[in-house]
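Student: Predicted model and sequence below, questions to follow.
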Amino acid sequence: MTTTHDVLQPRDWIAGLDKGLALIQTFDEAHSRQTATQAGQRAGLTRTAARRYLLTLQHLGFAASDGKLFWLTPKVMRLGQAYLESARLPRLVQPSLQRVAMGTQEISFVSVLDGFDVVYVARNGQNRSMNTSFALGARVPAHTTAAGLLLMALQDPQAVEEWLAKPLQVFSSYTITDPARVRGELKLAREQDWFLSERQLDLDYRGVAVPLRDHKGQVLAALSVSMPIGHERSDNAVQRVLPVLRETAQSLRQLL
């Protein structure tokens, strides 16, 4: 998958920015508080370098420390919020998401692929007692959602093979991680141009997704709905929501 830094000239590269952002990304649920040594090891930096970057982040308000451990502050959320408020895609799709939510009585999402994860950049619908991985701005592994697997299916073969070369994380007893089975799911998603995923991330939920394409036919994102799995059979759920998703995706095509 091509990214902007693939064509960046060496004279334009700012290593400090790269390392600072890399340090921020070392913090997650399993590493919410880290020493400079721990963060440095995860970011590929020496303890001394990591400590300097962390102290700078602390000075800027993006991190806090008790003198030994460092952790992120809520100010870091401004970085993601800046995207949600400035990006064109979330603004354009929001009215359509509302119509999908009303037409299906389910929570609707637009998500984009970032590396081998999907990130939810827009959503609409009633809040339910759901896995927090479905929240706006959340990042989840692509193989665990309908949107993620569909978007991976539409990537070039080299990117897919790079993805499948690494172990896929198990989230439930239904999570498909075997590369051969995943390839079968990808093939199905490409052929039908939509995808149904059930119990891969959350045992109680299923998702149905279709691609969002621009007026040139380029895939930009996925439009999906998530729903409780116990209310109806899979085929009935697909028959109920897929026409709404397809019609909405087609109507958005001229706007994107």
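Tutor: Cool, the structure landed. Residues are numbered from 1 along each chain as shown.

Student: Would you mind measuring from residue 207 to residue 71?
Tutor: Distance from residue 207 to residue 71, counting by Cβ to Cβ, to the nearest Å: 32 Å. Quick note: C-beta positions are derived from backbone N, CA and C, even for glycine.

Student: between those two, who's got more neighbours?
Tutor: Neighbours per residue (other Cβ atoms under 10 Å) separate residue 207 from residue 71, with residue 207 holding more: 31 against 15.

Student: quick one: secondary structure of the residue lying closest to residue 199 once chain neighbours are set aside?
Tutor: Once its chain neighbours are removed from consideration, residue 199 has its nearest residue in residue 174; the separation is 3.9 Å (Cβ to Cβ, 6 or more residues apart in numbering). State at residue 174, reduced to three classes by DSSP: H, G, I helix; E, B strand; the rest coil: coil.

Student: Show the contacting residues for residue 174.
Tutor: For residue 174, the residues meeting the contact criterion (Cβ atoms under 8 Å, 6 or more residues apart in numbering) are 198-200, 203.

Student: any idea of the pLDDT on the residue sitting furthest away from the middle of the chain?
Tutor: Of all residues in the chain, the one whose C-alpha sits farthest from the chain's mean C-alpha position, using Cα atoms, centre = their mean, is residue 67 at 33.5 Å. We note a pLDDT of 94 for residue 67 in this prediction.

Student: and if you look at residue 6?
Tutor: In this model, residue 6 is scored at 58, pLDDT.

Student: Also residue 135?
Tutor: Per-residue pLDDT puts residue 135 at 79.

Student: Need the phi and psi values for it.
Tutor: Recorded main-chain torsions at residue 135 are phi -70, psi 160, according to degrees, to the nearest 10.

Student: quick one: it from residue 122, how far?
Tutor: Taking Cβ to Cβ, one finds residue 135 at 12 Å from residue 122.

Student: More neighbours: which of the two?
Tutor: Between residue 135 and residue 122, counted using other Cβ under 10 Å, the more crowded position is residue 122 (23 against 11).

Student: close enough to count as contact, the more buried one and residue 101?
Tutor: No: Residue 122 is beyond contact range of residue 101, at 11.1 Å (criterion: Cβ atoms under 8 Å).

Student: what about the helices in the stretch 51-200 of the chain?
Tutor: 77-86, 88-104, 146-153, 157-164, 179-192 (DSSP state H, counting those that start in this stretch).

Student: by how many degrees do the third one and helix 157-164 diverge?
Tutor: Interaxial angle, helix 146-153 versus helix 157-164 (axes from the mean of the first three to the mean of the last three Cα atoms, to 10 degrees): 130 degrees.
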